[in-house]
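> predicted model follows, preceded by the sequence.
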Amino acid sequence: MVLIFLNVKNYLFITMWQELNNKLYRSFTFSDFRHAFNFITNVADLAQHHNHHPTWTNTYNKVEIWLNTHDAGDVVTDKDRELAAAIDDMVLEMEGKKQY
């Protein structure tokens, strides 16, 4: 697992996307539940825009996301990679604006 540390007050660390069991996987850890939930809300807006919805869990300050395309037989497709890239872009943009 590769960790990238960011100098952001409320966002603790990101792990890189990994392809595991025909799914893209990534976890995000925040300083508290409120910041994790804010992230989930923003990802929900992105997913709606992409018409592609993730499987995810949230436990306190940790959010885990799995992406695969059900219509393609539950495998990773370009649709998953595009949403993963959009989530990455959102994280970098929010990090720049110090919204976490």
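Arrived safely. Just so you know, these numbers come straight off a predicted model, no measurement behind them. Numbers count the residues shown, from 1 in each chain.

> for the residue of the chain most remote from its centre, phi and psi?
Note on the chain: the largest C-alpha distance from the chain mean falls to Gly73, namely 21.8 Å (CA atoms, centre = their mean). In terms of degrees, to the nearest 10, the main-chain angles of Gly73 are phi 90, psi 30.

> what pairs with the longest strand along the chain, parallel or antiparallel?
Longest strand in the chain by number of residues, with DSSP state E as the criterion: strand 23-30. Strand 23-30 sits in its sheet next to strand 11-15 (antiparallel), strand 18-20 (antiparallel), strand 62-67 (antiparallel), going by DSSP bridges.

> which residues does the longest one contact?
Applying CB atoms under 8 Å, 6 or more residues apart in numbering, the set of residues contacting strand 62-67 from outside is 23-30, 36, 39-40, 43, 52, 54-58, 76, 80, 83-84, 87. Where you see a C-beta, it was placed from the backbone N, CA and C, and this is true even at glycine.

> work out the gap between stretch 90-99 and the centre of the chain.
Put simply, stretch 90-99 sits 13 Å off its chain's centre (CA atoms, centre = their mean, to the nearest Å).

> and for stretch 76-89?
Here stretch 76-89 is found 9 Å from its chain centre; the criterion is CA atoms, centre = their mean.

> how about it as PDB, C-alpha atoms only?
This file holds the C-alpha atoms of stretch 76-89, laid out as PDB (Å, rounded to 0.1, in the frame of the first residue of the first chain):
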ATOM      1  CA  VAL A  76     -13.300  -2.600 -13.900                       C
ATOM      2  CA  THR A  77     -14.000  -0.500 -16.900                       C
ATOM      3  CA  ASP A  78     -13.100   2.900 -18.200                       C
ATOM      4  CA  LYS A  79     -16.200   4.200 -16.400                       C
ATOM      5  CA  ASP A  80     -14.600   3.200 -13.100                       C
ATOM      6  CA  ARG A  81     -11.300   4.700 -14.000                       C
ATOM      7  CA  GLU A  82     -13.000   7.900 -15.000                       C
ATOM      8  CA  LEU A  83     -14.900   8.200 -11.700                       C
ATOM      9  CA  ALA A  84     -11.700   7.300  -9.800                       C
ATOM     10  CA  ALA A  85      -9.800  10.100 -11.600                       C
ATOM     11  CA  ALA A  86     -12.600  12.600 -10.900                       C
ATOM     12  CA  ILE A  87     -12.500  11.700  -7.200                       C
ATOM     13  CA  ASP A  88      -8.700  12.200  -7.200                       C
ATOM     14  CA  ASP A  89      -9.200  15.600  -8.900                       C
END
